[in-house]
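Trainee: Let's see this in three dimensions:
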Amino acid sequence: MNLEPMSAADEEILAEQLQRPARGVAGIAWRCPCGKPGVIATEPRLPDGTPFPTTFYLTCPRAVAACSTLEAGGVMAGMTERLGSDPELAADYAAAHEAYLADRAGLGHVPEIEGISAGGMPTRVKCLHVLVGHALAAGEGVNPLGDEAVRALGEFWARPCLTDGGPASGRTHPTTS
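Mentor: Reported below is the predicted structural model:
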């Protein structure tokens, strides 16, 4: 897992995105092409001691809204159904679960959440936000259903997020580093 340190500016942007201060940030796991944080990596134990299994937390408001729209459309039920009928997809999704656990283990060990990843992995899909966060942070090819959800979101990153009107880079795909 390749994390960027969080700057004071990132901290302010995250507070705007989340409408509250970010908690337990280990670093920026993915940036939107506009330069703003889009996914943060969160410590497995929050500063108040609470175990927190969601390592990759989607913060980009456009991606969050697009995920909510997909969830409302029932995409998760179809994905879960496919896991039961497609052994190759199920195996790849189980590998994504293991990759998620390995990334979290790199941030610290919390016995209360051992073996628990997020988003319903490894047997179902219960949160596209987590799967998209994982796919963006880990890069294409790690989480098959996260990659699928990223593609289904459309080019949410192509519309400028900055008030000055332009993306900070020429990247055209959100998983490009």
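
Trainee: give me every residue that touches the residue nearest to Pro47 when sequence neighbours are not counted.
Mentor: Counting by Cβ to Cβ, 6 or more residues apart in numbering, Pro47 lies nearest to Gly24, which is 5.8 Å off, once chain neighbours are set aside. Using the backbone N, CA and C atoms, a C-beta is placed for each residue, glycine as well. Gly24 is in contact with Thr42, Glu43, Arg45, Leu46, Pro47, Phe52, counting by Cβ atoms under 8 Å, 6 or more residues apart in numbering.

Trainee: Neighbour-wise, which one of those residues leads?
Mentor: Highest neighbour count within the contacts of Gly24: Thr42, with 23 neighbours (other Cβ atoms under 10 Å).

Trainee: between the contacts of Gly24, which is nearest Ala96?
Mentor: Minimum distance to Ala96 across the contacts of Gly24 is 17.8 Å, recorded for Thr42 (Cβ to Cβ).

Trainee: need the contact list for Ala26.
Mentor: By Cβ under 8 Å, 6+ apart, the residues touching Ala26 are Leu3, Ile40, Ala41, Thr42, Glu43, Leu107.

Trainee: do the same with Asp92
Mentor: Counted by Cβ under 8 Å, 6+ apart, Asp92 has contacts Pro144.

Trainee: what's the average pLDDT for the strand or helix carrying it?
Mentor: Here Asp92, judged by DSSP states H and E, is contained in helix 87-105. Mean pLDDT, taken over the full extent of helix 87-105, equals 98.
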